[in-house]
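Undergrad: Provide a 3D model corresponding to the input given below.
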Amino acid sequence: MLAPPAPPLELPQLALAIKAWGRELGFADVGIADIDLAQAEAGLQAWLEQGHHGEMDYMASHGSKRARPAELLPGTVRVISARMDYLPVATPAHWRAREAARLADPSAAVVSLYARGRDYHKVLRARLQQLAARIEAAIGPFGYRVFTDSAPVMELPLAQKAGLGWRGKHTLLLNRQAGSMFFLGEILVDLPLPVDAPVAAHCGQCRSCIDVCPTQAILGPGRLDARRCISYLTIELKGAIPEPLRALIGNRIYGCDDCQTACPWNKFAQRAVLADFDERNDLGSATLVDLFGWDEAVFERRMEGSPIRRIGHERWLRNIAVALGNGAVEARGDAAMVAALQARAGHPSALVREHVAWALARHGITGASGAAPTSPHRPK
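TA: The predicted structure is shown next:
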């Protein structure tokens, strides 16, 4: 005789089960939020009106859908918000000091920690889809859609409402047990699940993230001018990097972690449980000269499956050229840097040529094909 079917899960039980299934799939935490984002919508609109989004037109192109999940997916009444830690498993305890040392080395190519492994969009989307499948297996068909930084969804305010953390002064989500080194993803659902309570902010009087920002992009607590942010300049900006900001970028070639490494809460940052975020292509130890030598075919091959691939080879060279130019501060006239730049002085891209010429000028060389310096040493 067949056993009777299991009774359907009550909504509170289902919410607990969803959180447990999420942890089994590699998420560090899962919370549930309602869809009232009226306060966040007002803040977004003010930010857009000030022009602080720069060239990120997609931030304004979806109207009310970004702050109204039910318009994005009709029938939505709750959002399941999940976070996933991304520090590579092998990250040492002194990782923040190590990153500081890399920033101080003019030959080092500094890539944001989150981008050194596999593209998080693919990883989180697949895991969120698996979580939705677990829910469907338990209760039958339901309305849902998964997102991870891939559609007009205000993921940070939703995660905040779901109790996953509070919004730090740098505008990123902070968690007392994990700092901010994690990704966020969401499942919009038509299930009236019980919601979680937000947590209180714990930044206090600290302003480390504001003070450390190289370009002063953080205008005040929770106020970011993306047009000055190094992550925006090296990833989102498609054209020339404004000259007044180039010297401030240092040797950061893709993204910037300064506000996070300066944050005291990141002493609690957790290691990833998935190997997907392990470092690839030696991006934690690569040099500017080596990476600048990649031609487009090598870039495409090496960056397959990486979030870096989205900027393309042209902007990759643009960014590294700026960093090589900034190397002149500590290593003016460095023979290897100058030779690398001169090899790209006649690049087909006007964007690349402009930044290479600027970098060579920093090393004391004018003209697209200036002669090599007589001495590799910094002048007295």
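Undergrad: What residues of stretch 300-316 count as buried?
TA: Buried residues in stretch 300-316, counted by 16 or more other C-beta atoms under 10 Å: Arg302, Met303, Ser306, Pro307, Ile308, Arg309, Ile311, His313, Glu314, Arg315, Trp316. (Each C-beta comes from the backbone N, C-alpha and C, glycine too.)
Undergrad: per-residue confidence averaged over that stretch?
TA: Here stretch 300-316 scores 97 as its mean pLDDT.
Undergrad: From start to finish, how long is it in a straight line?
TA: 11 Å (C-alpha to C-alpha, to the nearest Å).
Undergrad: Give the lowest-confidence helix or strand of this protein, using mean pLDDT as the measure.
TA: helix 328-331 (a mean of 80; mean pLDDT, DSSP states H and E).
Undergrad: residues of that helix that come out buried?
TA: Buried positions in helix 328-331, judged by neighbour count with 16+ other C-beta under 10 Å: Ala328, Ala331.
Undergrad: Distance from the chain centre to it, please.
TA: Offset of helix 328-331 from its chain centre (C-alpha atoms, centre = their mean, to the nearest Å): 28 Å.
Undergrad: ok so, going back, could you export the buried residues of stretch 300-316 as JSON lines, including distance to Leu173 and secondary structure?
TA: What follows is the buried residues of stretch 300-316, written out as JSON lines (distance: C-beta to C-beta, whole Å; DSSP: H, G, I helix; E, B strand; the rest coil):
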{"residue": "Arg302", "distance to Leu173": "31", "secondary structure": "helix"}
{"residue": "Met303", "distance to Leu173": "27", "secondary structure": "coil"}
{"residue": "Ser306", "distance to Leu173": "23", "secondary structure": "coil"}
{"residue": "Pro307", "distance to Leu173": "19", "secondary structure": "helix"}
{"residue": "Ile308", "distance to Leu173": "23", "secondary structure": "helix"}
{"residue": "Arg309", "distance to Leu173": "26", "secondary structure": "helix"}
{"residue": "Ile311", "distance to Leu173": "24", "secondary structure": "helix"}
{"residue": "His313", "distance to Leu173": "32", "secondary structure": "helix"}
{"residue": "Glu314", "distance to Leu173": "32", "secondary structure": "helix"}
{"residue": "Arg315", "distance to Leu173": "27", "secondary structure": "helix"}
{"residue": "Trp316", "distance to Leu173": "28", "secondary structure": "helix"}
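Undergrad: out of those, which one sits closest to Ala126?
TA: Pro307 (15.0 Å; C-beta to C-beta).
Undergrad: Tell me which residues touch the residue nearest in space to the middle of the chain, please.
TA: Closest residue to the average C-alpha location of the chain: Tyr114 at 6.1 Å, with C-alpha atoms, centre = their mean. Residues near Tyr114 by C-beta atoms under 8 Å, 6 or more residues apart in numbering: Tyr86, Tyr120, Met181, Phe183, Gly255, Phe277, Pro307.
Undergrad: try 10 Å
TA: Tyr114 makes contact with Tyr86, Leu87, Tyr120, Met181, Phe182, Phe183, Tyr254, Gly255, Asp257, Gln260, Phe277, Pro307, according to C-beta atoms under 10 Å, 6 or more residues apart in numbering.
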